[in-house]
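**Q** just to be clear, the model below is a prediction. Sequence and coordinates:
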Amino acid sequence: MNLILFGPPGAGKGTQAKFLVDKLNNFQISTGDMLRDEIKKDTEIGKKIINYMNDGKFVDDEIVNKLLEKIVFDPNKMNKLIFDGYPRTINQAKNLDILLKKSNQIIDYIFFLNVNKDSIIKRIEKRKTLEKRSDDDSDTILKRYDTYMEITKPVLDYYSKNQNFYEIDGSKEIKDIAQKIEEILKV
Ligand code: AMP
């Protein structure tokens with residue numbers, strides 16, 4: 001089963017992805033984690049993207065799409081993918097469609113975790129004290145939210161008419177959101 005967790009930064013995609021990894025024995029595909037890893041390892045990609053990420057801007061589609069390609073075609077991960085933070089642009093959504101088609105896979109469920117701006121800001125400020133991410137400071141949070149509204153929200157229209165699209169109230173308690181998702185998945 002392949003899933004997409006969609007929503008603004010701070011919606012809880014990563015948290016829910018981790019629950020689903022445990023429950024379904026799937027793999028969390030977090031492009032944010034993959035990109036942070038490139039920076040940590042100081043790779044060529046890492047050097048290119050560090051300023052974009054710290055500034056709350058998106059990394060180029062070309063770079064992200066390439067990182068993703070390896071994973072979609074990984075036989076150990078096929079049909080066990082939980083996308084967390086990808087796709088974030090229409091170009092990425094179309095790329096994912098192509099990769100899935102080529103690898104004979106589909107997306108079984110798309111969950112949109114809907115949370116308003118005020119809750120997001122509060123949540124990310126809390127996360128900042130726990131995870132110490134450099135892109136979680138107040139100015140960057142606002143930039144990331146604006147980028148989401150401008151570039152990522154249109155991707156919703158791309159998916160929202162699909163039968164497998166579910167909107168979930170992401171402002172609820174973590175365990176209630178997890179329960180709602182599990183109800184839909186019947187797991
Ligand atoms: P996240 O951990 O998902 O909140 O992502 C953190 C940052 O990584 C984002 O603000 C972007 O700079 C970058 N990033 C993560 N995923 C993507 C993506 N799919 N496309 C472009 N940039 C991304």
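**A** Right, received. Where do you want to start? Residues are numbered from 1 along each chain as shown.

**Q** in the protein, which residue sits nearest the ligand?
**A** Using Cβ to the nearest ligand atom, the single residue of the chain nearest to the ligand is Gly32, 2.0 Å away. For the C-beta atoms, the positions are set from N, CA and C on the backbone; glycine is no exception.

**Q** got a list of what the closest residue to that residue other than its chain neighbours touches?
**A** In space, and not counting its chain neighbours, Gly32 is closest to Gly85: 4.8 Å by Cβ to Cβ, 6 or more residues apart in numbering. Listed by Cβ atoms under 8 Å, 6 or more residues apart in numbering, the contact set of Gly85 reads Leu5, Lys13, Gly14, Ser30, Thr31, Gly32.

**Q** for Leu99, see how far away Ile107 is.
**A** The spacing between Ile107 and Leu99, counted by Cβ to Cβ, to the nearest Å, is 11 Å.

**Q** sorry, slip of the keys, the one I care about is Gln163.
**A** Gln163 is 21 Å from Leu99, by Cβ to Cβ.

**Q** the two: who's more crowded?
**A** Using other Cβ atoms under 10 Å as the criterion, Gln163 and Leu99 rank with Leu99 on top: 16 against 6.
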